[in-house]
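J.: I'd like to go over a predicted model; first the sequence, then the structure.
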Amino acid sequence: MELEDSWGFQISKIAQEMDSQFSKKLAKYDIGSREYGILLTIHQYALLTQLKIGELNKVDRTTIGQLVDLLERKDFVVRQKNPKDRRQNLLALTKTGGSLVEEMWQEMKEIEKDVLKHLSAKQKETLLTMVKAIKEGELN
């Protein structure tokens, strides 16, 4: 039994290293990768409810509220009342939040590029296809 032969261990170590590098980049904005994930979700889907963003990021109702409060205080997001249901908040990025998402996306891609630099373009494509298939299987 060798840890080096464990897929879970290997994938976890790669993810930890990438998260560590990315967290250092995010530190200047005083947010972590979890908060960035929320900003990225808002950027991708635009005007989702706070609850839906929590679901997509696997964050419970209380925690998503706290995270959104933090992001709102930092002027990265704004809450808007849902015109169809005034009890719900829709979330949108501010100009500052949108700029942060764009800047950090480039930083994230650079980290990925560095981590995968020893792979050929074909290997990178295959790896992404395989990881997506594993993730889709997990969700079904």
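T.: Done, it's in. Computed from a predicted structure; not experimentally measured.
J.: so what secondary structure elements neighbour the lengthiest strand in the chain?
T.: Counting residues, the longest strand found in the chain (DSSP state E) is strand 85-93. Applying 3 or more CB pairs under 8 Å, 6 or more residues apart in numbering; DSSP states H and E, one finds that strand 85-93 contacts helix 33-45, strand 48-49, helix 50-56, strand 77-82. C-beta coordinates here come from the backbone N, C-alpha and C atoms, glycine included.
J.: That one: which residues count as buried?
T.: For strand 85-93, burial by neighbour count (16 or more other CB atoms under 10 Å) applies to 88-93.
J.: In CSV, list the residues you listed along with pLDDT and distance to residue 27.
T.: Output for those, formatted as CSV (pLDDT from 0 to 100; distance: CB to CB, whole Å):
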residue, pLDDT, distance to residue 27
88, 87, 32
89, 86, 28
90, 93, 29
91, 95, 23
92, 96, 25
93, 97, 20
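J.: what about dumping the CA coordinates of the helix or strand following the longest strand of the chain to CSV?
T.: Using DSSP states H and E, the helix or strand that directly follows strand 85-93 along the chain is helix 95-115. Output in CSV follows, covering the C-alpha atoms of helix 95-115 (Å, rounded to 0.1, in the frame of the first residue of the first chain):
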residue,chain,number,x,y,z
LYS,A,95,-17.3,46.8,-11.6
THR,A,96,-14.6,46.1,-9.0
GLY,A,97,-15.8,42.5,-8.6
GLY,A,98,-15.8,42.0,-12.3
SER,A,99,-12.2,43.4,-12.6
LEU,A,100,-11.1,41.1,-9.8
VAL,A,101,-12.6,38.0,-11.5
GLU,A,102,-10.9,38.9,-14.8
GLU,A,103,-7.5,39.6,-13.2
MET,A,104,-7.5,36.5,-11.0
TRP,A,105,-8.7,34.3,-13.9
GLN,A,106,-5.5,35.1,-15.7
GLU,A,107,-3.5,34.4,-12.5
MET,A,108,-5.3,31.1,-12.1
LYS,A,109,-4.5,30.1,-15.7
GLU,A,110,-0.8,30.9,-15.2
ILE,A,111,-0.7,28.6,-12.2
GLU,A,112,-2.4,25.9,-14.2
LYS,A,113,0.1,26.4,-17.0
ASP,A,114,3.0,26.2,-14.6
VAL,A,115,1.6,23.0,-12.9
